[in-house]
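1. Next comes the sequence, and after it the predicted model I'd like to discuss.
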Amino acid sequence: MITSNNAPAKDAKKVAVIGSGFGGLGTAIRLATKGYKVTLLEARDQLGGRAYVYRQDGFTFDAGPTVITAPFLIDELFTNAGRRTEDYLKIVPVDPFYKIEFYDGSSFDYNADEAATEAKIRQMSPGDVEGYRAMIRAAKDIFDKGFTELSTKPFLNFTDMLKVAPDLIRLQSHLTVYQFAARYVKDDRLRRVFSFHPLLVGGNPFQTTSIYALIHHLEREWGVHYAMGGTGAVVQAMGKLFGELGGETRLSTAVSRILVKEGKAAGVVTESGETIQADAVVSNADIATTYTKLLSNEKRKRWTDKKLKKMRYSMSLFVIYFGTRKQYPNIAHHTILLSDHYKELLSEIFIDKKLSNEFSMYLHRPSATDPSMAPEGCDCFYVLIPVPNQQSGIDWQREAKPFRDRVMQWLDQHYMPGLLDNLATERYFTPLDFETTLRSHAGAAFSFEPIFTQSAWFRPHNHSEDIENLFFAGAGTHPGAGMPGVLCSAKIVEDLVCQRIPLKV
Ligand SMILES: Cc1cc2nc3c(=O)[nH]c(=O)nc-3n(C[C@H](O)[C@H](O)[C@H](O)COP(=O)(O)OP(=O)(O)OC[C@H]3O[C@@H](n4cnc5c(N)ncnc54)[C@H](O)[C@@H]3O)c2cc1C
């Protein structure tokens, strides 16, 4: 148990937060800053949720998020609490943001330097520079509405949705992100470069609403960042801040049930049988799991088991963490390797739910920026491959090893010569692990798929529609997955808790 002497007032309202992903941790900090007595309950032995850290044979592996795109949302947690982020954490820019490699041998990288990016576009497809300029203007428009105005606004009533409908029509949010990019640039490689972003939040670029084109503007405006020591250092800094604010963190404490009295959340019961009373409960656990497992006995009008079954869940991921005895200095910090049959591959993953013979992947090399992540002379990596979620029926206990072998052999032959002879350490995480270790419904890596009919009002609200005083922060609620999204959900929950369960009556 981690506690501090900086306790909130004795009669402060109590909030139990289930889960310490960025959404849970962000909410816990915000409410502790306001003076609530917050208990954070985490099933695993570390904070961070998907941002878990594996330390192995001298290597440090961030398990999940690696691309920090909205550092101001992290800053806000510290400044609200009267602290300075730089006293806890060193966040540095990454350049280039990404290097995208195509299987035909060509590649494209970009950063915030508009002239340099245009020069690279000119080189790849001279006719696309004008279109690119128009595209980034349109992405800014979407950002101004979709992020600045809507990402921290709760969509609790359908009228909230109706109010924004004219803007959604004006911004052509019926288009997919790929269709949006295709309107502006002709070269198919560039279309892929400027439309892969939904994959970072669990969406298929060929099905996700073009609202997600705002990610490109977010990158350009604030850059892509890295926390020295890895994303785990952000989690540690947030955990420290929460303790300083008087928050109580209980690791290895899984919640088995949310207590409900007269239709209101009144606390939680842990798997060991302990009851923790609270005035409000915030679930950062997977929402489908929260409803089907932690509230299985409660009457639910909107989020019934049947309705949850019908929802579309994001793809899953197969992630291999590995360290090499040699270094690969030419590999960028963030590399994306895109297959030629990109569209077909994504259909296989999202629609047919088949394990393909081909793969597109994201290769992470934090030691490009931060040598502390690997022993001297070595390199630290993870490779992430989108794969179907657990609705596929794939038996990962059987398939994991052959799949790992195919990926590593491909990398060795096509991209990282000598890899197999220089492996120093390795481990992997499969869709089955998302389902069991992370308790995610259908083993989805990003909860509900971010399609239009599962966004904003259509997504489970930040305040439960079924149980009073139960709130949601995290990937499955508004605005959605990704560190920026879940940190915005924390902001929404802070406001809702303050309105509905004021500190002083
Ligand atoms: C491999 C990978 C790479 C990613 N890369 C990026 C990236 O580069 N940039 C980016 O912005 N986003 C990225 N994402 C997405 C981002 O990581 C997630 O959307 C975000 O971190 C999810 O946060 P969350 O608040 O929903 O909580 P989660 O991280 O899902 O954490 C939920 C927590 O709840 C706990 N829990 C569940 N049930 C219980 C229970 N019954 N009792 C107690 N605790 C419970 C779980 O153990 C877990 O710790 C990535 C995701 C993955 C998987």
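-> Yep, it's here.
2. Close to the ligand: what parts of the chain are there?
-> With CB under 6 Å from any ligand atom as the criterion, the chain meets the ligand at residues 18-24, 41-44, 49-51, 64-67, 200, 254-255, 284-285, 317, 319, 384, 438-439, 445-446, 474-475, 481-483, 486. Backbone N, C-alpha and C define where each C-beta goes, glycine included.
3. Mind checking which of those are in helices?
-> Mapping the residues of the chain next to the ligand onto helices (DSSP state H) picks out 22-24, 483, 486.
4. what's the farthest-apart pair in these?
-> The largest distance within these, taken as CB to CB, falls between G24 and M483 and amounts to 12.7 Å.
5. and which of the ones in helices among the residues of the chain next to the ligand is nearest F458?
-> Using CB to CB, these come closest to F458 at V486, 18.0 Å.
6. need the contact list for that closest one.
-> Listed by CB atoms under 8 Å, 6 or more residues apart in numbering, the contact partners of V486 are 21-23, 26, 473-475.
7. which stretches of this structure have low pLDDT?
-> 1-6, 505 (pLDDT under 70).
8. count of neighbours near K299?
-> K299: 10 surrounding residues under other CB atoms under 10 Å.
9. Just the buried residues of stretch 73-86, please?
-> Residues of stretch 73-86 classed as buried under the neighbour-count rule (16 or more other CB atoms under 10 Å) are 73-78, 81, 83, 85.
10. Look at it and report the distance between its end residues.
-> With CA to CA, to the nearest Å as the measure, stretch 73-86 spans 14 Å from end to end.
11. sec struct for R55, please.
-> Counting by DSSP: H, G, I helix; E, B strand; the rest coil, the backbone at R55 sits in strand.
12. so what's it closest to, chain neighbours aside?
-> Spatial nearest neighbour of R55, chain neighbours left out: F61 (7.6 Å); criterion: CB to CB, 6 or more residues apart in numbering.
13. Pull up the pairing partners for the one helix or strand that neighbour maps to, direction included.
-> Take DSSP states H and E as the rule and F61 turns out to sit in strand 59-62. Applying DSSP bridges, strand 59-62 is found paired with strand 53-56 (antiparallel).
14. Now do the strand it pairs with: everything it contacts.
-> Contacts for strand 53-56 (CB under 8 Å, 6+ apart): 46, 60-63, 230-232, 235, 321, 323, 425, 427.
15. now, among the residues you listed, which is nearest to the ligand?
-> In terms of CB to the nearest ligand atom, no member of those lies closer to the ligand than A63, at 6.6 Å.
16. neighbours of the residue nearest to the closest one when sequence neighbours are not counted, just the number please.
-> Excluding the flanking residues, the one nearest A63 by CB to CB, 6+ apart is Y52, at 4.2 Å. Number of residues near Y52 (other CB under 10 Å) recorded here: 22.
17. Report the contact partners of Y52.
-> Contacts for Y52 (CB under 8 Å, 6+ apart) come out as 44, 46, 63-64, 232.
18. same deal with R84?
-> With CB under 8 Å, 6+ apart, R84 has these contacts: F78.
19. swap in F429?
-> Applying CB under 8 Å, 6+ apart to F429 gives the contacts 63, 317-319, 321, 437.
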